[in-house]
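Colleague: how would this look folded up:
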Amino acid sequence: MRRASALLAVISLVASILGIAVGVAAPASAAARDGVCDSGEFCYYYNSNNAGSVSDFTASVGDYGTTQPSCYDFKGSGNGQGECIKNNAASVWNRSGETVRVYFNTGHGGVYQNIGPGYKGQLSAELYNNNASHQFVGTAGTDTGARSGTCEDGEFCYYYNSGNAGSISDFTESAGNYGTAQPTCYDFKGSGNGQGECIKNNAASVWNRSDQTVRVYFNSYYEGSYQDVAPGYKGQLNSTVYNNNASHEFVGTAGAGSGSRSGTCESGELCYYYNSGNAGSISDFTDSVGDYGTTQPSCYDFKGSGNGQGECIKNNAASVWNRSGKTVCVFYNSYYGGSSQALAPGFKGQLNGTLYNNNASHKFISGSECPVSGGGGGGGGGGDTSGDYDEKVERVIAAALSQVGQGYTYSWGGGNKYGPTYGICCSPSGYDDRSRYGYDCSGLTQYAFWQGAGIDIGTYTGAQVGKGTVVSMSNLRRGDLIMWGGYSSTYHVAIYLGNGQMVESSWPRTSDSVHVTNVYGGDFGIRVNM
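Modeller: You can find the predicted model right below:
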């Protein structure tokens, strides 16, 4: 041993004199991207179940690239070797000491999944073969990545059986689409009944060990009837979402009364009563609802004890108590249409002769006058055509902004000159929006120009580009349409508000799809002829 050490010392001395670097070979570096999943690395696999070629990392990457020879690729032996990893990874192994966040979009944007240290398994339904960037984020979001099947402090947990029994599926973050088939779906991971089954429409009970209210929805992407599960709640899902769970959302402290839908009229809530004189079963809310539904198990129902318990509330409410701090408008038609009655804060008593047992939707408003709405569908003439260009622009913008905060969802093919409508089937992504009420991007802009200036710019972006003069993005003026795509291949439109802001109907596909946002793109503008 000493001879070897002495010999090495001599070789090193000679090498240093000759300027030659000599040393013992180092182990393969995790940063070398050698296609082997070493300790300290985050690794993608081309196939499910950690099979196929490997692509290994020790640092965040915001853009994988899409073509050889410049893209990040699978380097290990096996299926997929040499292919770019973008939108090609099926499973992962996080051998680092940090949570790694995998994103749907490049630049660390869009839907993501947190992969906790030590997690080895599938990417979620959203990210399976849809990976575009990843980020090492320290210890954030560990549990949703680990998905351990144990209900730990800070988690929201589904149980396969009633009474908090059976296999567990645990989360610390919202999930909009659980998926419906293995190996990509969110599944029950704990031991017991249901282990390995997809959680969609399979959960019977829950335990919310987080410090936030978690909203469980009947539909994917945070839509439809829901139940709010308060922090600490441990028990059954209600009749609407029992074995009918399709997404969940962490919503902070919102909706403790309406969300829990407890059937008790608490402070801050609007409450329907099945009978006159504030008697019978109660249905309680803290949010606007545009469509109550008409059949169990999906309708909003009376949950309190007494007459009417379990019946759908649509056209069944006789009296009300508004314990919120806002005026609430009760409408004769769904989606805030038809005759209405304004319920002032503190009002307790009968619904009027028109709305008595004829309630179809309600809205919390900031003023005291109920908005007049045709319920989405009617006809009628266009808006005021008088005034100069700037006056018309301001009316157009006012019309668009009037739809912000009204609870409309993004609906493919939805919206027209007269307001929101149900959508159509099917979008390029395969969405069937025939049961979704709201606007798509061009439906909102058509509505705004018709109502604001009496100008019909058409129902889709391809028609709207021909309604004015092309302007560059650097020359946009208030009221111009912002177009995405080429002149003959547009795919999105918004209205420019000035100061780098715009109003649009776009993702997320939630009740906030009509919103004001900073301009985040666009290829050219159209100054509509008015």
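
Colleague: Would you map out the domains in this protein?
Modeller: 31-146, 156-250, 270-365, 389-528 (automatic domain parsing).

Colleague: Columns mean pLDDT on top of these, output as a markdown table?
Modeller: A markdown table is the format used below for the domains of the chain (pLDDT from 0 to 100):
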| stretch | mean pLDDT |
| --- | --- |
| domain 31-146 | 86 |
| domain 156-250 | 86 |
| domain 270-365 | 87 |
| domain 389-528 | 89 |
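
Colleague: Any chance of these in a markdown table with distance to residue 262 and mean neighbour count as columns?
Modeller: C-beta here means a position set from N, CA and C on the backbone, and glycine is covered the same way. Shown next, in a markdown table, are the domains of the chain (distance: least, Cβ to Cβ, whole Å; neighbours: other Cβ atoms under 10 Å):
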| stretch | distance to residue 262 | mean neighbour count |
| --- | --- | --- |
| domain 31-146 | 28 | 19 |
| domain 156-250 | 9 | 20 |
| domain 270-365 | 7 | 19 |
| domain 389-528 | 22 | 19 |
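
Colleague: Distance to residue 264 added to those, as CSV?
Modeller: Output for those, formatted as CSV (distance: least, Cβ to Cβ, whole Å):
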stretch, distance to residue 264
domain 31-146, 32
domain 156-250, 13
domain 270-365, 6
domain 389-528, 25
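
Colleague: if we compare those domains, which one ends up closest to residue 263?
Modeller: Of all these, domain 270-365 sits nearest to residue 263, with 3.2 Å by Cβ to Cβ.

Colleague: May I have the distance across stretch 227-235, first residue to last?
Modeller: 12 Å (Cα to Cα, to the nearest Å).

Colleague: how far does the longest strand seen in the chain sit from the chain's center?
Modeller: Longest strand in the chain by number of residues (criterion: DSSP state E): strand 489-498. Here strand 489-498 is found 22 Å from its chain centre; the criterion is Cα atoms, centre = their mean, to the nearest Å.

Colleague: Only alpha carbons, please: show it as PDB.
Modeller: What follows is strand 489-498, C-alpha atoms only, in PDB (Å, rounded to 0.1, in the frame of the first residue of the first chain):
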ATOM      1  CA  SER A 489     -55.000  31.300 -38.900                       C
ATOM      2  CA  THR A 490     -56.100  33.200 -35.800                       C
ATOM      3  CA  TYR A 491     -57.000  31.300 -32.700                       C
ATOM      4  CA  HIS A 492     -57.600  33.800 -29.900                       C
ATOM      5  CA  VAL A 493     -58.800  37.400 -29.500                       C
ATOM      6  CA  ALA A 494     -59.100  40.000 -26.700                       C
ATOM      7  CA  ILE A 495     -59.900  43.700 -26.400                       C
ATOM      8  CA  TYR A 496     -57.100  46.100 -25.600                       C
ATOM      9  CA  LEU A 497     -57.800  48.400 -22.700                       C
ATOM     10  CA  GLY A 498     -54.600  50.500 -22.800                       C
END
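
Colleague: Within the sheet, what are the partner strands of it, with directions?
Modeller: Strand 489-498 pairs in its sheet with strand 481-486 (antiparallel), strand 501-505 (antiparallel), by DSSP bridges.

Colleague: which residues sit against that strand?
Modeller: Outside strand 489-498, the residues within contact range by Cβ atoms under 8 Å, 6 or more residues apart in numbering are 396-397, 400, 441-442, 445, 448, 461-462, 464-465, 476-485, 502-504, 506, 516, 519, 522, 525.

Colleague: Tell me which of those residues fall in helices.
Modeller: 396, 397, 400, 441, 442, 445, 448, 461, 462, 464 (DSSP state H).

Colleague: Hmm, the third one is touching residue 445, no?
Modeller: Just to be clear, that refers to residue 400. Yes - Residue 400 lies in contact with residue 445 (Cβ atoms under 8 Å); the separation is 7.4 Å.

Colleague: circling back: tell me the two of the ones in helices among the contacts of strand 489-498 that are most distant?
Modeller: 397 and 462 (23.1 Å).
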